[in-house]
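# have a look; sequence and predicted model below, questions after that.
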Amino acid sequence: MTSSSDGTGTGPSSAPIIRDDLLRNGNPRPSGDGSTDRGAAEGDGDPLLEGLNPQQLEAVVSRTGALLIVAGAGSGKTRVLTHRIASLIQNREAWPSQILAITFTNKAASEMRERVEALLGSRAEGMWISTFHSACVRILRREAEKFGFAQGFTIYDSADSRVVLKRIIKSLDADVLGFTPANASARISTLKNELADAESFARTANFSDPNEAAFVEIFRQYQRTLRAANAFDFDDLISQTVFLFRAFPDVADVYRRRFRHVLVDEYQDTNHAQYALIRELVRAPEPDADALTGIVRPGDEAASLTVVGDSDQSIYAFRGADIRNITEFERDFPGAQVILLEQNYRSTQNILSAANAVISNNFDRKDKKLWTADGDGEQIVGYTGYSGHDEAQFVADEIDRLHRDGLEYGQVAVFYRTNAQTRALEEIFIRQAIPYRIMGGTKFYERAEIKDAMAYLTAVANPADELALRRILNTPKRGIGPATETGLSRFAEDNGISFREAMRRAADLGLGPKVTGAIRSLSALLDEAAEQVAEGKVSEVLQHLMSGSGLITTLRTSRDPQDEARAENVEELIAVVKEYQKNNPDSGLIDFLTETALVAAADDLDDASGTVSLMTLHTAKGLEYDTVFLTGVEEDLLPHRMSANEPGGPAEERRLFYVGITRARKRLFISLAMTRAQFGETAVAMPSRYLQEIPAELIDWRQSPGTATSRGGTQPRALNAQRGGFGSSGSLANRPLTEKRDWPNRVTNQVRDNGDLELEAGDRIEHTDFGQGRVVQVTGVGTKRIAHVQFDTAGAKKLLIKIAPITKL
DNA sequence: TCAGCCCCCCACCGG
DNA sequence: GGGGGGCTGA
């Protein structure tokens, strides 16, 4: 049992300002009885409680040990969470360091942090607001040495895992059994999400099945390789933290005592490993009695747990999310309080009606209808382009129009199902001079040249990482081929030394003088860099590695025209490092590597307010924008072809569509294309089945998919049967459209190098896609000059002069 | 033994 | 469109 605060020791638990009764788990607050019928008057005078509806207020002030907030889209969930955190701090019920708030995406984490900081100012420091993965890395880095890893362990991304698996599969000839790096990786990932490891799996495996026997061996070797490389993959970060807590209860207790308030966002998306981690964290620590006084200190009870979720927004089944975690919360945590937030404060009624109509097609759900008191708003706008580029052009034109009417670019988001769809959007946006930023994509860090540069840093930070060493061994080309690589590897094995040590002893391998010299100078470069690390400056280390290795120089002098851009990317990485260092003066090389491994893009380093945000529907969850473009609403994309035939697939894809719709505050655009490029080829696309689930009167089709038939002609286009088909506001209804020439407003993705073409107001130009027009105005300088053109038939457009496919007449 | 070239095969979503 | 594997020429 908890005694009263003694007020003498150190640490928050002894601070007199902490209200002991409130730290106690499960105790009612002095001022309340836990009923949801709490008058708003209670919030009077406290800015943190003002303007909350009764349910939101209860969710902020409730202090039961376990709290589930069922929050429909736009119901003020983030507001409730951030105010709840802020009120804990403000009322001195907790120190910031006692708060652990977990989200799924980096974007959501930085958003929550910003909002808490806005409420509290600098008092938010010391709070852990992070993704599951970053929280686990922080714990693992501190405790790594307790279980045989060095503190500077590497985090392998999925591509790294596949390289390892590829080698293993090849060495075992397991490819004949149907193993590929991708499927083996997926299988291992699924197991790790269930907290299985190679040995526990082996215990239940059926070894008479050659496939299963081979898989056990692959799994074992994979895990052995990672351990030898002092590396964790993404799934390990969670599962190993759970194993750590279970194996070392005293270590777990440190975190259990520290985090008195654990809050989990998007709880419906937790998988078993994440669930287990939460359970471990909110378990009561062993009593920590003061040996001298015998006083048991407060904080020895289980931490309070707040989870927020909405089963209609569960979209991560593909990585093991288990909806039961939320549906069975009350059984898991007896005495838990449940609060429902249903009123929507984000979207117009038209948008909500569309969302309600769509999601009601999912069975097995508790009926729930979002509603707003704010009115119908504008109709949803629909558009069908001939191709992905036409669709992108429509999006660009609408953004341009809205921007001219005063809407900030930062208030606009474009969503899509797959990252591949960004290409067409980017090509058109660049040509149309629309500032955009791709959120959440890992693209930059997935580029080969960036991975190369990062591998140099990794090799310095974690010399055990053979994968990183092999990657840079012959990058740039220095005449060290596969034979030499294998030779080094064998030499290391034969002599019981690391690959890195084998490089130092290259002279003993009996290789040619040229190759030996190449290995030794690389080895020396890495040694120099390692010494430099101790002095601090990560950017200098990277610059030294880049100039010493000649990576940038090689790219600059290459004959391949694309290498120039690659060199610039590496330069940009150096700039990123410098920027990182400026913002995090106390952070070292390992911190930087962790950050880049876990934080998809450098997107929270920059303020994106002046740019349109492009992201996948998955990244969009939890965010909101004034204006939303939901693109590629086609069969095979949404639902995606990989999900359409899986059990639960179409329902999950519908939730994804629902998530996208409910992000919009005022304006929602839904678009699709008749044809879509994939594999570099163009295929016919059909409207998504979900489109017909939106009541026809809610959508204003600027250009309807109508009754156009697919090229195969065996099926009418999916939608015309319902509700009399699409509105015929577009001129295309009831007219088969199979030929591109029948389709108006079609654009290409052509660009042209216009060099230093000079344009001024009044000039006439001709554009490949838009025909003739008159230049109204020219803005910007140099390569960023933009022509504002009034086309004779295509309307007003902005064009980036340098690359637009235009000629001066 | 290595570099260059061609061809094939692929591809959902995130940390 | 692009990365990786396999083949060929030096």
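Looks like it arrived, so ask away. Numbering: from 1, shown residues only, chains lettered A, B, ... in the order given.

# list the contacts of A:H544.
Contacts for A:H544 (Cβ atoms under 8 Å, 6 or more residues apart in numbering) come out as A:L525, A:E528, A:A529, A:Q532. Every residue, glycine included, has its C-beta placed from N, CA and C.

# excluding chain neighbours, what is closest to the last one?
Leaving aside its chain neighbours, A:Q532 sits nearest to A:V541 (4.9 Å; criterion: Cβ to Cβ, 6 or more residues apart in numbering).

# tell me how many other residues surround that neighbour.
Neighbourhood size, A:V541 [other Cβ atoms under 10 Å]: 25.

# and A:Y345, by the same measure?
Residues lying near A:Y345 (other Cβ under 10 Å) number 17.

# just give the closest residue to it, not the sequence neighbours.
Using Cβ to Cβ, 6+ apart and skipping the chain neighbours, the partner closest in space to A:Y345 is A:G76 (5.4 Å).

# test my guess that that neighbour contacts A:Q56.
Yes - with contact defined as Cβ atoms under 8 Å, A:G76 reaches A:Q56; the gap is 5.5 Å.

# for A:L407, helix, strand, or coil?
Going by DSSP: H, G, I helix; E, B strand; the rest coil, the secondary structure assigned to A:L407 is coil.

# hang on, the earlier thing: assign the residue nearest to A:Q532 to helix, strand or coil.
Secondary structure assignment for A:V541 (three-state DSSP): helix.

# ok, it - contacts?
For A:V541, the contact set (Cβ under 8 Å, 6+ apart) comprises A:L457, A:V460, A:A529, A:Q532, A:V533, A:L589.

# element containing the second one, please.
Right, the one you point to is A:V460. A:V460 is part of helix A:448-461 when elements are defined by DSSP states H and E.

# check the fourth one too.
Per DSSP H and E, A:Q532 falls inside helix A:513-535.

# from the contact counts, what lies against that helix?
With contacts taken as 3 or more Cβ pairs under 8 Å, 6 or more residues apart in numbering; DSSP states H and E, helix A:513-535 sits against helix A:448-461, helix A:466-473, helix A:482-495, helix A:499-504, helix A:538-549.

# run the last query once more with 10 Å
helix A:448-461, helix A:466-473, helix A:482-495, helix A:499-504, helix A:538-549, helix A:589-598 (3 or more Cβ pairs under 10 Å, 6 or more residues apart in numbering; DSSP states H and E).

# now A:A464: closest residue in space, sequence neighbours ignored.
Using Cβ to Cβ, 6+ apart, the closest residue to A:A464 is A:N230 (4.1 Å).

# and what of A:F333?
In this structure, A:F333 finds its nearest non-sequential neighbour in A:A66, 3.7 Å apart by Cβ to Cβ, 6+ apart.

# A helix includes A:L68, no?
No - if the criterion is three-state DSSP, then A:L68 is strand and not within a helix.

# tell me how far it lies from A:R447.
A:L68 sits 42 Å away from A:R447, going by Cβ to Cβ, to the nearest Å.

# before we move on, what about A:E342?
From A:E342 over to A:R447 (counting by Cβ to Cβ), the distance is 45 Å.

# out of these two, which sits in the busier spot?
Between A:E342 and A:R447, counted using other Cβ under 10 Å, A:R447 has the larger neighbour count: 17 against 14.

# nearest residue to that one in space, please, no chain neighbours.
A:N569 (5.9 Å).

# before we move on, which element is that neighbour in?
Secondary-structure element containing A:N569, defined by DSSP H and E: helix A:562-583.

# what angle sits between that helix and helix A:448-461?
In terms of direction (axes from the mean of the first three to the mean of the last three Cα atoms, to 10 degrees), helix A:562-583 departs from helix A:448-461 by 50 degrees.

# quick one: is helix A:562-583 near DNA strand C?
No - figure legend: helix A:562-583 not in contact with DNA strand C (Cβ under 7 Å from any atom of the strand); closest approach 7.7 Å.

# contact partners of that helix?
For helix A:562-583, the external contacting residues (Cβ atoms under 10 Å, 6 or more residues apart in numbering) are A:444-445, A:447-450, A:452-454, A:457, A:536-543, A:546, A:551-558, A:560, A:587-589, A:591-592, A:595-596, A:601-602, A:605-606.

# buried residues, that helix. List them.
Neighbour-count burial for helix A:562-583 flags A:D563, A:R566, A:A567, A:N569, A:V570, A:L573, A:I574, A:V576, A:V577, A:K578, A:Y580, A:Q581 (criterion: 16 or more other Cβ atoms under 10 Å).

# stretch A:212-220 now?
A:E212, A:A214, A:F215, A:V216, A:I218, A:F219, A:R220.

# can I get these in JSON lines with secondary structure, pLDDT and distance to DNA strand B?
Shown next, in JSON lines, are the buried residues of stretch A:212-220 (DSSP: H, G, I helix; E, B strand; the rest coil; pLDDT from 0 to 100; distance: Cβ to the nearest atom of the strand, whole Å):
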{"residue": "A:E212", "secondary structure": "helix", "pLDDT": "88", "distance to DNA strand B": "22"}
{"residue": "A:A214", "secondary structure": "helix", "pLDDT": "90", "distance to DNA strand B": "20"}
{"residue": "A:F215", "secondary structure": "helix", "pLDDT": "92", "distance to DNA strand B": "18"}
{"residue": "A:V216", "secondary structure": "helix", "pLDDT": "93", "distance to DNA strand B": "22"}
{"residue": "A:I218", "secondary structure": "helix", "pLDDT": "92", "distance to DNA strand B": "17"}
{"residue": "A:F219", "secondary structure": "helix", "pLDDT": "94", "distance to DNA strand B": "16"}
{"residue": "A:R220", "secondary structure": "helix", "pLDDT": "93", "distance to DNA strand B": "20"}
